[in-house]
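Novice: I would like to see how this sequence folds:
(2 chains)
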Protein chains: 2
Amino acid sequence: MSADLDMIYDPISLERTILETIPMARAMGLGVVDYDGHRIALSAPLAPNVNDKGCAFGGSLASLMTLAAWGLVNLKLSEAGEQADVYVQDSSISYLNPVWDALTAEAAAEPGQDWAQFIADLRERGKARITMMAEVAVAEGGGVACRMFGKFVAKRSP
Amino acid sequence: MSADLDMIYDPISLERTILETIPMARAMGLGVVDYDGHRIALSAPLAPNVNDKGCAFGGSLASLMTLAAWGLVNLKLSEAGEQADVYVQDSSISYLNPVWDALTAEAAAEPGQDWAQFIADLRERGKARITMMAEVAVAEGGGVACRMFGKFVAKRSP
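Specialist: Prediction:
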């Protein structure tokens, strides 16, 4: 695969990169469905992502929230003209309600986090951290199914 | 699928139930590789579980650790002659080092947790909680790649 195919510069290339490089994302049927510059939404159909009870598998919910947050960090870097390896350092997830429909995860920086500071840290030190949050809703108006907080690191490629 | 196929009473039926009911576990190539009554090990090959960097995808690591812990709770229930729905309530994961080989997750109850108390709680209240831990090693002697603590709930089926 050429390096160009891995470049993330908008939601479309983000989806392509995820699907081409992460086999589990393909198996999940993942798609990037919305992005407004602050918040991103990824979704996946229920069928390939069920557990033994027929509702959404916790591993699929965790994967979708992690990839939503990871994708948003990559988009913000790209918008700032930066390139870096992005990875999750730690995360905590609360599973509050089962999901019986298609899975949609929305991710944003945790309130109080500052993208400008994140980019400035990366430029100054070659490394930066930001805390992201992501949620999956039960269904329209049905409240939160699960919520993740995760610390993400961006590191300039050597 | 008959109800019998879903019964978990040993590591073999645990693996069969996971693979038959959770499509993502099939896509991961997951297998139950060891169980000694206290500790369970699940593994999966690297190829279907890579990320954009070619090492193990965080979502696969999270899924494998979650299923290892979930599986062990089910086995301990079965050994006590109990049947209950088991689900993860919350979990926190530290990603410490990348995994460049097959993924193996080991799970056990967190030190200080008491299976006898867990079973007694379930019998008395129809519901019980236990904190589990799981780890993926980097490779033999290479230290810890990631570690999960998770609260699991067992609830008698209504």
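Novice: residues in contact with the residue with the shortest distance to the centre of chain A?
Specialist: Compute the mean C-alpha point of chain A, and by C-alpha atoms, centre = their mean the closest residue is residue A:68, 1.6 Å away. For residue A:68, the contacting residues are A:40-42, A:105-107, A:134, by C-beta atoms under 8 Å, 6 or more residues apart in numbering or on different chains. C-beta coordinates here come from the backbone N, C-alpha and C atoms, glycine included.
Novice: neighbour-wise, which of these leads?
Specialist: residue A:42 (33 neighbours; other C-beta atoms under 10 Å in any protein chain shown).
Novice: any idea how far it is from chain B?
Specialist: As judged by C-beta to the nearest C-beta, to the nearest Å, residue A:42 and chain B stand 12 Å apart.
Novice: quick revisit: mind listing which of the contacts of residue A:68 are in strands?
Specialist: Among the contacts of residue A:68, the subset assigned to strands under DSSP state E consists of A:40-42, A:105-107, A:134.
Novice: please name the residues that touch residue A:48.
Specialist: Contact criterion C-beta under 8 Å, 6+ apart gives A:27-29, B:23-24, B:27 as the residues in contact with residue A:48.
Novice: among the residues you listed, which are in strands?
Specialist: With strands identified by DSSP E, none of the entries of these belong to them.
Novice: quick one: which helix or strand includes the residue nearest to the centre of chain A?
Specialist: helix A:58-79 (DSSP states H and E).
Novice: next one: that helix to chain centre, how far?
Specialist: Chain-centre distance of helix A:58-79: 1 Å, with C-alpha atoms, centre = their mean, to the nearest Å.
Novice: could I get the buried residue list for it?
Specialist: Burial within helix A:58-79, assessed by neighbour count using 16 or more other C-beta atoms under 10 Å in any protein chain shown, is assigned to A:58-78.
Novice: mind listing the helices for chain A?
Specialist: If DSSP state H is used as the criterion, the helices of chain A fall at A:11-21, A:23-28, A:58-79, A:115-125.
Novice: so for residue A:143, which of the ones you listed sits nearest?
Specialist: Ranking those by distance to residue A:143, with C-beta to C-beta as the measure, places helix A:58-79 first at 14.7 Å.
Novice: angle of the closest one against helix B:58-79?
Specialist: Helix A:58-79 runs at 170 degrees relative to helix B:58-79, counting by axes from the mean of the first three to the mean of the last three C-alpha atoms, to 10 degrees.
Novice: show the average pLDDT along helix A:58-79.
Specialist: Across helix A:58-79, the average pLDDT comes to 97.
Novice: using CSV, list the CA coordinates for that helix.
Specialist: Once side chains and other backbone atoms are set aside, the C-alpha atoms of helix A:58-79 remain, and they are given as CSV (Å, rounded to 0.1, in the frame of the first residue of the first chain):
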residue,chain,number,x,y,z
GLY,A,58,-18.7,-4.7,24.4
GLY,A,59,-15.5,-5.2,22.3
SER,A,60,-17.2,-3.7,19.3
LEU,A,61,-18.5,-0.7,21.4
ALA,A,62,-15.0,-0.2,22.8
SER,A,63,-13.4,-0.5,19.3
LEU,A,64,-15.9,2.0,17.8
MET,A,65,-15.4,4.6,20.5
THR,A,66,-11.6,4.2,20.4
LEU,A,67,-11.5,4.6,16.6
ALA,A,68,-13.8,7.6,16.7
ALA,A,69,-11.5,9.3,19.2
TRP,A,70,-8.4,8.2,17.4
GLY,A,71,-9.8,9.4,14.1
LEU,A,72,-10.7,12.8,15.5
VAL,A,73,-7.2,13.3,16.8
ASN,A,74,-5.8,12.4,13.4
LEU,A,75,-8.1,14.9,11.7
LYS,A,76,-7.2,17.7,14.1
LEU,A,77,-3.5,17.0,13.4
SER,A,78,-4.0,17.1,9.7
GLU,A,79,-6.0,20.4,9.9
